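A.B. asks: Generate coordinates for the sequence data below:
(one chain, ligands or ions: 1)
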Amino acid sequence: MKIQFLGAAGEVTGSRHFVEVNVAGRMRHFLVDYGMFQGGREASDKNLELLPIDPKDLDFVVLTHAHIDHSGLLPRLCAQGFKGPIYCTQASYALLKILLPDSAHLQLADLERAERKAKLGKWRGEMPVVLYSQQQVESTLTQFVSLDYGKSLDIGPGMQLVFHNAGHILGSAIAEIHLKEDGAKKKRCVFSGDIGMKGKVLMPDPEQISQADVVVVESTYGDRLHRTLSDTEDELVEVIGNTMKAQGNVIIPAFAVGRTQEILFILIDLVRRGRLPHLTVWVDSPMATAATQLTERFFAQLDHQTQATMDWFKHHPSAIDLRFIADVEESKALNKIKGGAIIISASGMCDAGRIVHHLANNLPRAQNAIVITGFQAYGSLGRRLVDKVQKVRLFGEDVPVKASVHTIGGLSAHADQAGLLDWLRGFEVPPSNIFIVHGEPEAASVLAQCIREDLGWQNVVVPERMHTYSC
Ligand SMILES: [Zn+2]
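C.D. replies: Have a look, this model is predicted:
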């Protein structure tokens, strides 16, 4: 069996692993994830790379979860001729029906913006590339086959697939693939996908697996530890409590899928425990509204503490005045609210979407607070706010930053170093091969070192991109 690491090797995006294995007298080829590379020009070039084989000859794809850096190039693969099944969980499929059309929409919007600028002679460099169309997304969505957690599915002669809950986002899975390789004993291959943080809200703890021959594990935070949930709660209580007392607004930029629901849940729970007073919360992002509805639909997959708190909220609906904004007019009406509101809106890095309007309105007043809850990439508006700039330029005007800006740590969808090691300890016998992916070089190599030293396992490899490894 061979694995070629086409992406997420020495970086955190572009997850795609290509497996070749001889089973039942024939060479099989499949992919685990087919994600988009994100960030910078290098990423756009990599998104255009071709597969090592003709997509027509690919047998199937196993998708660990819906995030675009794991799923975002699937429509391109299908447009290039892949006609086989894409296996994922039901909730992942439901999320993809929101995320993939949005990805196609954003690509087209980027191109149209660049074309407008080019006409005015204001565009330098290469034009953005549209990787696939809305029609190609529609057609791709017909190729999915969904599978419940814990159920084993025959995916070809001598091959079975089981998904385990990864506790990362709704529908996220650890993929366990059993292969009866010709001339060799049965192999159990475990692809971690992205592993969630134990004890975090919303998602249950990642399921541990006791046996594997080959393990491919993520390492996003392989070199660090997260702050605890109670520290995060204390920080939120302080900022929100003080801002409400001062009659200000709290603006929370948040990714529509996952982070928004997590924040909503924490706020409800803080009110339930009497740590915060009655709150008025506006969720101003159509995608966040859709993702929140999906979270309710898959209620049974949430962790028990979250279910109990949501049940409490059903019986105490007045504890939080929670409103979802549908149209742009309603969104604009929020501009009139001068104090006492919490507004959660996308995008998470403040670069686009309705959040920019809320920032333009709320940044100039000192009694308001901006609460940053996620990673802010270099160059983003969110990052400049975190870096305490005095003014920002929005919609062609200078806007003074008078509101206070707070960065709240601890809300990560990924396990930290201790969490990853804890998950790996679930394997009763050291796997024969461990590959560390989905991490910056430092994070991946520190985790590899910990696995060798703390767990005493050998054969730990940080694969190089495009290299092929036998196992
Ligand atoms: Zn992810």
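A.B. asks: In the stretch 1-150 of the chain, which residue sits closest to the ion?
C.D. replies: Nearest residue of the stretch 1-150 of the chain to the ion (C-beta to the ion) works out as residue 67 at 3.6 Å. Where C-beta positions appear, they are placed from N, C-alpha and C, glycine not excepted.
A.B. asks: Can I get stretch 27-37 as CSV, trimmed to CA atoms?
C.D. replies: Taking only C-alpha atoms (Å, rounded to 0.1, in the frame of the first residue of the first chain), the coordinates of stretch 27-37 have been written out as CSV:
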residue,chain,number,x,y,z
MET,A,27,-4.9,-1.9,-8.1
ARG,A,28,-7.4,0.4,-6.3
HIS,A,29,-7.0,4.2,-6.1
PHE,A,30,-8.7,6.4,-3.7
LEU,A,31,-8.5,9.8,-2.0
VAL,A,32,-9.1,10.7,1.6
ASP,A,33,-10.3,14.3,1.4
TYR,A,34,-9.9,16.6,-1.5
GLY,A,35,-9.5,20.1,0.0
MET,A,36,-8.7,23.5,-1.2
PHE,A,37,-5.4,25.2,-0.4
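A.B. asks: interface residues of the stretch 1-150 of the chain facing the ion?
C.D. replies: With C-beta under 5 Å from the ion as the criterion, the stretch 1-150 of the chain meets the ion at residues residue 67.
A.B. asks: List the contacts of the closest residue to the ion within the stretch 301-450 of the chain.
C.D. replies: When distances are taken as C-beta to the ion, the stretch 301-450 of the chain approaches the ion most closely through residue 413, which lies 6.5 Å from it. For residue 413, the contacting residues are 168, 169, 194, 196, 197, 200, 203, 258, 259, taking C-beta atoms under 8 Å, 6 or more residues apart in numbering as the criterion.
A.B. asks: Go again with 6 Å.
C.D. replies: With contact set as C-beta atoms under 6 Å, 6 or more residues apart in numbering, residue 413 has these partners: 168, 169, 258.
A.B. asks: Ok, residue 137 next?
C.D. replies: If a contact means C-beta under 6 Å, 6+ apart, then residue 137 has 75, 100, 101, 104 as its contacts.
A.B. asks: from those residues, which ones fall inside strands?
C.D. replies: Using DSSP state E, the subset of the contacts of residue 137 located in strands is empty.
A.B. asks: how about those residues, which pair is most distant?
C.D. replies: Of all pairs drawn from the contacts of residue 137, the one with the longest distance (C-beta to C-beta) is 75 and 101, at 9.6 Å.
A.B. asks: all strands of the stretch 301-450 of the chain, in order?
C.D. replies: Counting by DSSP state E, counting those that start in this stretch, the stretch 301-450 of the chain has strands at residues 320-324, 342-345, 369-372, 391-394, 397-400, 404-407, 433-437.
A.B. asks: Adding mean neighbour count, distance to residue 33 and mean pLDDT, write the ones you listed out as CSV.
C.D. replies: Listed next are the strands of the stretch 301-450 of the chain as CSV, based on neighbours: other C-beta atoms under 10 Å; distance: least, C-beta to C-beta, whole Å; pLDDT from 0 to 100:
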stretch, mean neighbour count, distance to residue 33, mean pLDDT
strand 320-324, 16, 31, 96
strand 342-345, 26, 29, 97
strand 369-372, 23, 28, 96
strand 391-394, 14, 36, 92
strand 397-400, 12, 40, 94
strand 404-407, 17, 30, 95
strand 433-437, 25, 10, 98
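A.B. asks: quick one, which of those strands is nearest to residue 182?
C.D. replies: Of all the strands of the stretch 301-450 of the chain, strand 433-437 sits nearest to residue 182, with 18.7 Å by C-beta to C-beta.
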